[in-house]
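Asker: Quick one, fold the following:
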Amino acid sequence: MWRKTRKAMAARNDLSAFIDEGSEIEGKYTFSGTVMLNGKFHGEIASVDTLIIGEKGVVNANVRAGTLIVSGELVGNVVASDRVELKEGARVFGDVEAPVVVVAEGVLFDGHCRMTSAKPAGSTPADSTLVALKR
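Answerer: The predicted structure follows:
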């Protein structure tokens with residue numbers, strides 16, 4: 001019993017922020033680290049790190065992140081530099097763009113998916129735009 005409690009506490013301690021289901025936020029949210037969002041959010045989210053939308057999370061926003069993990073609902077477009085994971089029961093309405101996209105069985109996904117190549121180490125957004133223009 002103690003081991004489970006310690007593991008749960010350790011997992012929660014890895015989070016930079018935890019927004020619980022009683023919260024409703026509107027606006028632009030930027031962060032570093034790992035954020036778990038289980039509440040309601042409306043606006044725009046931007047980070048180079050990890051956003052986790054929990055089972056109770058309802059997000060109506062365009063999302064830019066390093067990694068995005070969705071178990072709840074997301075309405076909006078996603079651009080991830082590393083990966084997007086849509087867990088069983090996730091509901092996503094919008095376009096997804098990432099080098100790695102994982103879609104579990106039981107996901108409701110209504111949008112377009114674009115698999116991009118991973119960014120080379122040390123590249124800047126201007127470099128990425130230049131590469132896109134050369135294609």
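Asker: Strands of the protein, start to end?
Answerer: For the chain, applying DSSP state E gives strands covering 17-19, 24-30, 34-37, 40-46, 50-53, 58-70, 73-75, 78-86, 91-93, 96-98, 100-103, 108-110, 113-115.
Asker: what about Leu108, neighbour count?
Answerer: The number of residues packed around Leu108, counting by other C-beta atoms under 10 Å, is 11. C-beta here means a position set from N, CA and C on the backbone, and glycine is covered the same way.
Asker: Of the strands of the chain, which stretch is the most buried?
Answerer: Mean neighbour count, computed with mean count of other C-beta atoms under 10 Å, is highest for strand 50-53 among these, reaching a mean of 25.
Asker: Direction included, what does that one pair up with?
Answerer: In the sheet containing strand 50-53, the strands it pairs with under DSSP bridges are strand 34-37 (parallel), strand 58-70 (parallel).
Asker: As TSV, the ones you listed with mean pLDDT would be great.
Answerer: Converted to TSV, the strands paired with strand 50-53 look like this (pLDDT from 0 to 100):
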stretch	mean pLDDT
strand 34-37	96
strand 58-70	98
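Asker: Looking at these, spot the one closest to Asp20.
Answerer: Ranking the strands paired with strand 50-53 by their distance to Asp20 (criterion: C-beta to C-beta) puts strand 34-37 first, at 8.8 Å.
Asker: Identify the residues contacting the closest one?
Answerer: Identification of contacts with strand 34-37 by C-beta atoms under 8 Å, 6 or more residues apart in numbering yields 14-19, 47, 49-54, 57, 59.
Asker: Pick the one among these closest to Asp110.
Answerer: Using C-beta to C-beta, the shortest approach to Asp110 within the contacts of strand 34-37 belongs to Val59, at 15.0 Å.
Asker: correct me, but the closest one touches Asn38?
Answerer: No: with contacts defined as C-beta atoms under 8 Å, Val59 does not count as touching Asn38, sitting 10.3 Å away.
Asker: Quickly list what's touching both of those two.
Answerer: Common neighbours of Val59 and Asn38 are listed as Ile53, Gly72 (criterion: C-beta under 8 Å, 6+ apart).
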